[in-house]
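*Asks:* Provide a 3D model corresponding to the input given below.
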Amino acid sequence: MTKTVKLNVKGWEPDVMTPEEAVAYMDANGIRYEICDTPVPVLGNKVSCGVPADMGDMMIEEFTSLPSSAVRQHFVVDVPARGDSMIEADIHENDWLQLEVGAIPSDGDIVMAEVDGEFLAKVYFTDNQNRKWLLPKNKKYKPILLTPKDQPRISGVVHHITKKAPRQSYNECMAILNSALLEMRQEGDAMQRLAKAVGDGCYLFWAASAWAVAYGVVRDCCGYDGSMKEFERNAMNMILPATFKYECTMGTVQRTISNHPYMRLHVDKWKENGASVREVVLAEFLKKFLL
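*Replies:* Modelled structure (predicted):
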């Protein structure tokens, strides 16, 4: 339990470790650290987590030794985080804290400090009574008041947080792949059944815009979650009767849905939100055929 102690020492500042003292302390206490001295390119592009980007578009702006951008007159080491007291600052177990050793902290900086023999990562703060605090970023924990008798020492200031991407296990990868392949098979089956339904109900189509109705039915009743463009491409590749007049074209579905807001709702709600009779009739025919 943290005790509240009235601080009467005017102008007192916690002692800041020298780089040598900080390294000696981490060595003595078995704390792992790495000196960041590996040259890596700094890219101007953000990393895409969706559609793969063309690597040829990646522009290398400069080379640096991470985290040299945080290094001033001090050197930098990486220290792994433990515990959950800083999770609201997005610091989690096994994240690497890039620490500028020996840097003088300002209020609001995340620092690493030694208090009562324990090495802590917290937010450094001076209140309006000139009291020095180490603040957690998790409501489960209490602030720590720094006092001269505790002989706290700041080892440095955290400037960067590095999150290492874990390697996914074989079973995790297979689960992702199998789920995706199952969805692809289901979508393919749905499009095959839709082709048969369109062939049988071609007399219900009045224009190419009717494909927006087909998209809505497949989307809401068959679990299809592909994009409108993907649906249009699949529809354009369907083998339909030679007498079928209203083939799907690129952009038709998207334009039609943009002009008919009720089509963004579930197909079962179209009628009550202004769908035309022919749209409802076609939707009901396709639903009966596909379900």
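*Asks:* residue contacts, Pro241?
*Replies:* Listed by C-beta atoms under 8 Å, 6 or more residues apart in numbering, the contact partners of Pro241 are 199, 202. From N, CA and C alone the C-beta is placed, and that goes for glycine too.
*Asks:* quick one, helices of the stretch 101-250 of the chain?
*Replies:* Applying DSSP state H, counting those that start in this stretch to the stretch 101-250 of the chain gives helices spanning 170-200, 211-221, 228-236.
*Asks:* Which of these sits closest to Trp270?
*Replies:* Taking C-beta to C-beta, helix 211-221 is the member of the helices of the stretch 101-250 of the chain nearest to Trp270, at 7.3 Å.
*Asks:* How far off centre is the closest one?
*Replies:* 30 Å (C-alpha atoms, centre = their mean, to the nearest Å).
*Asks:* Deepest in the core, which of the helices of the stretch 101-250 of the chain is it.
*Replies:* Mean neighbour count, computed with mean count of other C-beta atoms under 10 Å, is highest for helix 211-221 among those, reaching a mean of 23.
*Asks:* can you put the helices of the stretch 101-250 of the chain in CSV and add distance to Thr162 and mean pLDDT?
*Replies:* Output for these, formatted as CSV (distance: least, C-beta to C-beta, whole Å; pLDDT from 0 to 100):
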stretch, distance to Thr162, mean pLDDT
helix 170-200, 23, 81
helix 211-221, 41, 92
helix 228-236, 37, 90
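*Asks:* Serialize those helices to CSV and add fields for distance to Tyr33.
*Replies:* What follows is the helices of the stretch 101-250 of the chain, written out as CSV (distance: least, C-beta to C-beta, whole Å):
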stretch, distance to Tyr33
helix 170-200, 30
helix 211-221, 53
helix 228-236, 49
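*Asks:* which residues sit against stretch 252-268?
*Replies:* If you take C-beta under 8 Å, 6+ apart as the criterion, stretch 252-268 is touched by 208-209, 211-213, 215-217, 219-221, 228-229, 231-232, 269-270, 273-275, 283, 287.
*Asks:* low-confidence ranges in the stretch 1-150 of the chain?
*Replies:* Scanning the stretch 1-150 of the chain for pLDDT under 70 picks out the ranges 1-11, 34-75.
*Asks:* which residues of it fall in strands?
*Replies:* For the stretch 1-150 of the chain, the strands defined by DSSP state E, counting those that start in this stretch occupy 15-16, 34-35, 39-43, 60-65, 76-80, 96-101, 110-115, 118-126, 132-135, 144-146.
*Asks:* Of these, which stretch is the most buried?
*Replies:* Highest mean neighbour count among these (mean count of other C-beta under 10 Å): strand 96-101, with a mean of 24.
*Asks:* Report the angle between that strand and strand 118-126.
*Replies:* Counting by axes from the mean of the first three to the mean of the last three C-alpha atoms, to 10 degrees, strand 96-101 lies at 70 degrees to strand 118-126.
*Asks:* Partner strands of strand 96-101 and their direction?
*Replies:* strand 76-80 (antiparallel), strand 153-162 (antiparallel) (DSSP bridges).
*Asks:* quick one: which of those is nearest Leu135?
*Replies:* Across the strands paired with strand 96-101, Leu135 has its closest neighbour in strand 153-162 (13.5 Å, C-beta to C-beta).
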